[in-house]
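Q: got a sequence here, can you build the structure:
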Amino acid sequence: MIAAPQPLAGWRLRQVVADTHQLSKVGGFLYVFGWAVIGWLGNVLDFAPVIALAVGGGFLVLAALRWAMRPPDAGDEEQARRWLRRYAFVLPLASVLWAGVQAWVLLDARFGEDTRMVSLIATIGYATVFANVYSTVRHLAAVGVGVLFLPMLVVLWSLPDVRALAVAMSFYALYLAGALVRSHAEYRRRLRLDEALREQRDLYEHLSRTDSLTGLANRRHFTACLEHAATRALRGGAGFTLMILDIDHFKRVNDRLGHAAGDACLQALADRLHRAFPPPSCLLARLGGEEFGVLLDGVQVDGRALAEALRHDLAQHPLDCGNGVQLSVTVSIGIGTFEPARHGDADGLYRAVDLALYSAKGEGRNRVHALAGEGA
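A: Predicted structure coming up:
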């Protein structure tokens with residue numbers, strides 16, 4: 001049977017990873033720009049050229065490292081968690097370096113008031129970005145805001161002549177804390193909505209490919225897979241075998257026992273087919289009414305033997321249709337392996353196997369009829 005859509009296991013974590021990198025991958029270069037402005041306003045190259053170059057180089061290396069740490073394109077949840085742990089270590093490093101720069105600018109008298117004000121504005125901006133943009137991982141955003149703001153607040157409160165500024169920054173820190181909580185909650189709501197939409201999409205896609213009564217593939221999906229297999233074989237890929245089977249005298253079941261019993265019979269046969277032709281190398285479908293299709297991947301599969309085994313099993317073991325009802329049924333089967341030169345395309349093979357099925361019925365039913373040259 002077609003497997004039911006599975007929960008989006010790991011999707012949320014992978015989305016968090018992708019969003020975190022997408023939102024923050026260029027952010028490291030903002031620190032490079034900020035330090036260039038501070039260095040220019042404060043004439044740092046004049047009195048501390050080595051430190052100026054070292055700090056600038058540090059910001060540039062961290063920015064490049066953040067850009068280069070691409071999340072895994074695919075993989076399990078553990079891979080995503082490992083990447084996120086590594087990135088959570090790298091991401092705040094530029095903030096740590098900036099916090100040191102901010103403390104230096106506030107405490108060193110060689111920096112003027114204009115430089116101090118610009119550095120404070122930059123710190124506010126970086127912390128605001130962490131609180132409102134990097135909210136994909138709450139503790140990561142909190143670390144970034146804390147690293148940027150707490151050292152600055154400690155320095156400001158230690159300077160008696162800027163107490164008003166220290167009070168204002170303290171209030172802004174409280175605002176950032178609230179903004180961080182709100183933005184993270186909003187991001188989680190968006191994730192839940194996206195996840196629900198994806199689940200609905202996967203469910204609808206599954207239903208569009210599935211026969212509602214038996215849970216097997218429907219004719220439309222089976223035809224698409226058959227055409228894909230034929231195209232692959234025409235390009236030199238693996239061969240495949242097509243089997244079409246029909247329940248003999250199924251109308252008698254409906255006439256004698258009713259359509260409910262007929263539906264139960266079809267469901268029981270679908271279960272028997274699923275045991276006889278397990279996925280993933282086999283695709284099972286209800287083609288319509290009491291007709292079923294089996295697509296066997298690989299020419300090495302002895303489809304004729306599998307078809308005969310199914311036919312004998314059905315003839316010897318009645319179908320359990322529930323409520324104590326046991327139905328003995330037989331099937332007629334047409335089978336053939338795709339040969340590009342002979343069949344041309346998927347439709348050519350289908351017509352040939354369908355004719356083989358009708359030959360099996362015409363010869364008395366309860367038999368397997370293979371295409372000419374395949375042991376018919």
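
Q: only C-alpha atoms for contact and neighbour calcs from this point on.
A: Noted.

Q: so L153 sits right up against S170, yeah?
A: Yes - using CA atoms under 8 Å, L153 is in contact with S170, at 7.0 Å.

Q: tally of neighbours for Y187?
A: 20 (other CA atoms under 10 Å).

Q: and it, that's in a strand?
A: No - per DSSP: H, G, I helix; E, B strand; the rest coil, Y187 lies outside any strand segment and is helix.

Q: just want the most central residue of the chain.
A: Geometric centre of the chain, nearest residue: W11, 5.5 Å, by CA atoms, centre = their mean.

Q: identify the residues contacting that one.
A: Neighbouring residues of W11 by CA atoms under 8 Å, 6 or more residues apart in numbering: E195.

Q: so what pLDDT did it get?
A: Note for W11: predicted pLDDT of 80.

Q: next: S135.
A: For S135, the predicted pLDDT is 85.

Q: L242 in helix, strand or coil?
A: strand.

Q: distance check, the closest residue to it other than its chain neighbours against A346.
A: Counting by CA to CA, 6 or more residues apart in numbering, L295 is the residue found nearest to L242 once chain neighbours are left out, at 4.9 Å. Here L295 is placed at a distance of 12 Å from A346 (CA to CA, to the nearest Å).

Q: shared neighbours of those two, anything?
A: L226.

Q: where in this protein is pLDDT low?
A: Counting by pLDDT under 70, the chain contains low-confidence residues at 1-9, 74-75, 298-301, 373-376.

Q: can you show me the strands along the stretch 201-350 of the chain?
A: In the stretch 201-350 of the chain, the strands defined using DSSP state E, counting those that start in this stretch lie at 240-247, 282-288, 291-297, 319-320, 326-327, 331-337.

Q: for A352, which of those strands is the nearest?
A: Comparing these by their distance to A352 (CA to CA), the top pick is strand 331-337, with 7.7 Å.

Q: ok, the closest one: who's next to it in the sheet?
A: Looking at strand 331-337 with DSSP bridges, its partner strands are strand 240-247 (antiparallel), strand 368-370 (parallel).

Q: walk me through the domains of the chain.
A: 11-202, 219-370 (automatic domain parsing).

Q: in TSV, list the ones you listed along with distance to T210.
A: TSV is the format used below for the domains of the chain (distance: least, CA to CA, whole Å):
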stretch	distance to T210
domain 11-202	12
domain 219-370	8
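
Q: looking at these, which is nearest to S212?
A: Closest among these, using CA to CA: domain 219-370, at 9.8 Å.

Q: from S95, how far out is G58?
A: For G58, the distance to S95 equals 11 Å [CA to CA].

Q: more crowded one of the two?
A: S95 (25 against 17).

Q: in what helix or strand does that one lie?
A: helix 93-107 (DSSP states H and E).

Q: show me what whichever helix or strand comes after that helix is packed against.
A: Downstream of helix 93-107, the next assigned helix or strand under DSSP H and E is helix 113-132. Helices and strands touching helix 113-132, by 3 or more CA pairs under 8 Å, 6 or more residues apart in numbering; DSSP states H and E, are helix 28-41, helix 93-107, helix 138-158, helix 163-209.

Q: could I get those as CSV with distance to G125?
A: Formatted as CSV, the helices and strands packed on helix 113-132 follow (distance: least, CA to CA, whole Å):
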stretch, distance to G125
helix 28-41, 10
helix 93-107, 12
helix 138-158, 10
helix 163-209, 11
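
Q: those helices: which one's closest to G262?
A: That would be, of the helices and strands packed on helix 113-132 and by CA to CA, helix 163-209, which comes in at 22.1 Å.

Q: gap between that closest one and the chain center?
A: In terms of CA atoms, centre = their mean, to the nearest Å, the centre of helix 163-209 is found 20 Å from the chain centre.

Q: need the contact list for F130.
A: F130 touches 141-142, 144-145, 180, counting by CA under 8 Å, 6+ apart.

Q: switch the cut-off to 7 Å
A: Applying CA atoms under 7 Å, 6 or more residues apart in numbering to F130 gives the contacts 141, 144-145.

Q: quick one, helices of the stretch 251-376 of the chain?
A: 259-276, 303-316, 340-343, 346-362 (DSSP state H, counting those that start in this stretch).

Q: other SSEs contacting the last one?
A: What that stands for is helix 346-362. helix 219-234, strand 240-247, strand 331-337, strand 368-370 (3 or more CA pairs under 7 Å, 6 or more residues apart in numbering; DSSP states H and E).

Q: could you give the angle of the longest one to strand 291-297?
A: With axes from the mean of the first three to the mean of the last three CA atoms, to 10 degrees as the basis, helix 219-234 and strand 291-297 are set at 30 degrees to each other.

Q: ok so, going back, and the strands paired with strand 331-337, which is most packed in?
A: Of all those, strand 368-370 has the most neighbours on average by mean count of other CA atoms under 10 Å, namely a mean of 26.

Q: of the strands paired with strand 331-337, which is nearest V329?
A: That would be, of the strands paired with strand 331-337 and by CA to CA, strand 240-247, which comes in at 6.9 Å.

Q: as CSV, could you dump the C-alpha coordinates of the closest one?
A: C-alpha atoms of strand 240-247 as CSV (Å, rounded to 0.1, in the frame of the first residue of the first chain):
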residue,chain,number,x,y,z
PHE,A,240,10.3,-3.5,-15.0
THR,A,241,7.4,-5.9,-15.1
LEU,A,242,3.7,-5.0,-15.3
MET,A,243,1.0,-7.3,-13.9
ILE,A,244,-2.7,-6.7,-14.2
LEU,A,245,-5.1,-9.0,-12.3
ASP,A,246,-8.9,-9.3,-12.1
ILE,A,247,-11.1,-11.1,-9.6
